[in-house]
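Asker: Next input, structure requested:
(chains A and B)
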Amino acid sequence: MKEKNKQALLVDFLASEPGSTEAQNLRKALHAASYTDAEIEEFRHIYLKLDALEVPEPGDQLDAQFYSMLESASTKKQHKEVVLVSWAKQLSNMRWRTWGYQIAWSCALLLLGWFLGSRTGNKESLYEQQLQHMATEIQNVQMTLASTLLQQTSPAAKLQGMEQVKNFPSITLQIADALLQTLNFDPNSNVRLVALEALQNFTDNPHVRIGLVHSITNQDSPTVLLGLVNIMLNLQEKNAATHFQKLLQEKSMDNDVREKIEKSIVALL
Amino acid sequence: MNTDNELMFKVKNGEIEKLGLLFERHKRLLFAYFYRSTMDQQASEDLVQIVFMKILKYRHNFSGTGKFTTWMYRIAHNASIDFFRKNQRCQDLETLHATNFTEEQTPENEMLHNEKMQLLNIAMTQLSVEHRNVLLLSKYQQLKYKEIGEILNCSENTVKIKVFRALAELKQKYKQLDKS
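Answerer: Here you go, the predicted structure:
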């Protein structure tokens, strides 16, 4: 047996459970590899002695330093996000609103991503990782920007935010709440209708579905109501029937809308 | 309960406060790893802090293909090498005795035990950084040889050979100190 294999065998023996079958077999193998019991015991002695080395507990200072570092990092991150949002806002306040500029800006971002990715070398995994990281970062910025726009009082800003939301694969709880708030309480029925259109892309989210059902009794606009009826029928949301019944009892409305709602109640039940 | 890897992915995706949970899970073992290597409480606490600062700084490099602890100990191993390189640290035998040895109030057998432990501590600090680190990783950090191989960038069998050589060196240093 080679010397290196013998050494590895001895280390296996030391790490094995004392008295176990494995330990006994390893000891036999060590004997076969010309180790004497005295040599084995000498190593075992020093190895077991290491167990008795004591270590004190880390001091409170360690916790204090770590959490202070974490807090500082967290503050820096929030500051960065705020800067990004204000930067994005400034851009949107300039003449970037036309489609031409928006497409050009998207292309520039894509090119920038491609350029940065290609500068990072030939390792495909690293490239993919950075690309994925960049996509996540961009999506985070877009989500933050959309969320900020939705909280504005200006209908134009809200509409811009909702148009952006329609392109997201999923939405955060904060965005869902902002959209539902708009759907329920915005004085402008066109804005409410766009909010409904944005929300219908995310009906697989239970929070959105429940929010839509509860918004039924808040509505008085025929177009929004008809939109809600169609969504509830598509989802086969049985809970919506009681809300529609309550609406019919409490509010007066156009006969065509009333008839459509009554039919939908029958279909849902 | 979230696994270490799940928590680290959350940190990577921006939930950096989740690093606190990873810190609570690993600070003691990490501190022990550095303490056994440096025999210095303050330096060990600083090194733990450095490791977590690096985890935060390089969070985007965590791929999750291996275990979080393997990645963490790779950072810790490098921090330890940097520390010894910068400090050219050499334990002062006299100081170690003076700071940790309470001769007057200890019964004889306990005193003898303490003395042996002190010698072992000193022998540990006299090992090369490479030998000391491989011994600490294999003995105390609940890592498998394969994981240590990933940390040290070598095969499982090479790790075992390094452990053997570290033990042989430790045995020899300990004997020399015991005789003197």
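
Asker: Residues of chain A that sit close to chain B?
Answerer: Listed as neighbours of chain B in chain A under the rule C-beta under 8 Å from any C-beta of the partner chain: A:4, A:7-8, A:10-12, A:14-15, A:42-43, A:46-47, A:49-50, A:52-59, A:61-63, A:65-67, A:69-70, A:73-74, A:77, A:125, A:129, A:133, A:136, A:140. Yep, even glycine has a C-beta here, placed from its N, CA and C like the rest.

Asker: In stretch A:193-208, which residues are buried?
Answerer: A:193-196, A:198-202, A:208 (16 or more other C-beta atoms under 10 Å in any protein chain shown).

Asker: Quickly name whichever of those is closest to B:Asn13.
Answerer: Proximity of the buried residues of stretch A:193-208 to B:Asn13 (C-beta to C-beta) peaks at A:Phe202, which lies at 20.1 Å.

Asker: The closest one: what's it in contact with?
Answerer: Listed by C-beta atoms under 8 Å, 6 or more residues apart in numbering or on different chains, the contact set of A:Phe202 reads A:170-171, A:176, A:208.

Asker: Would you mind giving me the ChimeraX syntax to select the buried ones in the residues you listed?
Answerer: Selecting only the buried entries of these in ChimeraX, with 16+ other C-beta under 10 Å as the criterion:
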select /A:171,176,208
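
Asker: Closest to A:Leu268 out of the contacts of A:Phe202?
Answerer: Of the contacts of A:Phe202, the one sitting nearest to A:Leu268 (C-beta to C-beta) turns out to be A:Val208, at 18.2 Å.

Asker: For stretch A:157-177, which residues meet the burial criterion?
Answerer: The neighbour-count check on stretch A:157-177 (16+ other C-beta under 10 Å) flags A:157-162, A:164-165, A:168, A:171, A:175-177 as buried.

Asker: For chain A, give me the ranges with low pLDDT.
Answerer: Within chain A, the stretches with pLDDT under 70 are A:1, A:81-101, A:117-127.

Asker: Just want the most central residue of it.
Answerer: Centrality entry for chain A: nearest residue to the mean C-alpha point is A:Thr172, 7.5 Å, by C-alpha atoms, centre = their mean.

Asker: Was I right to think that residue contacts A:Met143?
Answerer: Yes: in this structure A:Thr172 lies within contact range of A:Met143 using C-beta atoms under 8 Å: 6.1 Å.

Asker: A:Leu226 touches A:Lys260, doesn't it?
Answerer: Yes: with contact defined as C-beta under 8 Å, A:Leu226 counts as touching A:Lys260 (6.3 Å).

Asker: still on that earlier bit, dump the residue contacts of the residue nearest to the centre of chain A.
Answerer: For A:Thr172, the contacting residues are A:143, A:147, by C-beta under 8 Å, 6+ apart.

Asker: Quickly find the element holding A:Asp12.
Answerer: helix A:3-15 (DSSP states H and E).

Asker: tell me what the very next helix or strand once past that helix is packed against?
Answerer: Where DSSP H and E defines the elements, the next helix or strand beyond helix A:3-15 is helix A:21-32. Contacts defined by 3 or more C-beta pairs under 8 Å, 6 or more residues apart in numbering or on different chains; DSSP states H and E place helix A:21-32 against helix A:3-15, helix A:37-49.

Asker: How about the contacts made by B:Asn13?
Answerer: Contacts of B:Asn13 (C-beta under 8 Å, 6+ apart): A:Thr136.

Asker: Do you know the pLDDT at it?
Answerer: In the prediction, the pLDDT value recorded for B:Asn13 is 91.

Asker: Look up how far B:Leu143 lies from it.
Answerer: To B:Leu143, B:Asn13 is 26 Å away according to C-beta to C-beta, to the nearest Å.

Asker: and the gap between the closest residue to B:Trp71 other than its chain neighbours and A:Ala29?
Answerer: Spatial nearest neighbour of B:Trp71, excluding adjacent residues (C-beta to C-beta, 6 or more residues apart in numbering or on different chains): B:Phe62 at 6.1 Å. To A:Ala29, B:Phe62 is 40 Å away according to C-beta to C-beta.

Asker: Same check on A:Asp186?
Answerer: 79 Å.

Asker: The closest residue to chain B within the stretch 101-250 of chain A: helix or strand, and which one exactly?
Answerer: Across the stretch 101-250 of chain A, the shortest distance to chain B (C-beta to the nearest C-beta) belongs to A:His133, at 5.5 Å. Here A:His133, judged by DSSP H and E, is contained in helix A:124-150.

Asker: So which other helices or strands are in contact with that helix?
Answerer: Against helix A:124-150 (3+ C-beta pairs under 8 Å, 6+ apart) you get helix A:60-93, helix A:99-119, helix A:155-165, helix A:173-185.

Asker: The third one: how far from the chain's middle?
Answerer: The chain centroid and the centroid of helix A:155-165 are separated by 21 Å under C-alpha atoms, centre = their mean, to the nearest Å.

Asker: Who are the packing partners of it?
Answerer: helix A:124-150, helix A:173-185, helix A:189-199.

Asker: Next, the angle from the second one to helix A:124-150.
Answerer: Pointing back at helix A:173-185 there. 30 degrees (axes from the mean of the first three to the mean of the last three C-alpha atoms, to 10 degrees).

Asker: Kindly report the same for the shortest one.
Answerer: When the same axes, to 10 degrees is applied, the directions of helix A:189-199 and helix A:124-150 differ by 160 degrees.

Asker: Just give me the neighbour total for the spatially closest residue to A:Lys49 that is not a sequence neighbour.
Answerer: Nearest non-adjacent residue to A:Lys49, counting by C-beta to C-beta, 6+ apart: B:Leu120, 5.8 Å away. Neighbour count of B:Leu120, defined by other C-beta atoms under 10 Å in any protein chain shown: 20.

Asker: Kindly report the same for B:His131.
Answerer: 19.

Asker: tell me the mean pLDDT for the longest helix anywhere in chain B?
Answerer: Longest helix in chain B by number of residues, with DSSP state H as the criterion: helix B:156-179. For helix B:156-179, mean pLDDT rounds to 93.

Asker: Report whether that helix contacts chain A.
Answerer: Yes: contact of helix B:156-179 with chain A (C-beta under 8 Å from any C-beta) involves B:157, B:160-161, B:163-165, B:167-168, B:170-171, B:174.

Asker: hey, where'd the helices end up in chain B?
Answerer: B:4-12, B:19-38, B:41-57, B:68-87, B:93-100, B:108-125, B:129-140, B:145-152, B:156-179.

Asker: about what we covered before: can you give me the buried ones in the helix holding A:Asp12?
Answerer: For helix A:3-15, by 16+ other C-beta under 10 Å, it's A:6-15.

Asker: which residues sit against it?
Answerer: So helix A:3-15 is contacted by A:1, A:23, A:26-27, A:29-30, A:33-35, A:40, A:43-44, A:47, B:138, B:157, B:160-161, B:163-165, B:167 (C-beta under 8 Å, 6+ apart).

Asker: Next, the angle helix A:37-49 makes with it.
Answerer: 50 degrees.

Asker: Of the helices of chain B, which is nearest A:Val266?
Answerer: helix B:4-12 (47.0 Å).
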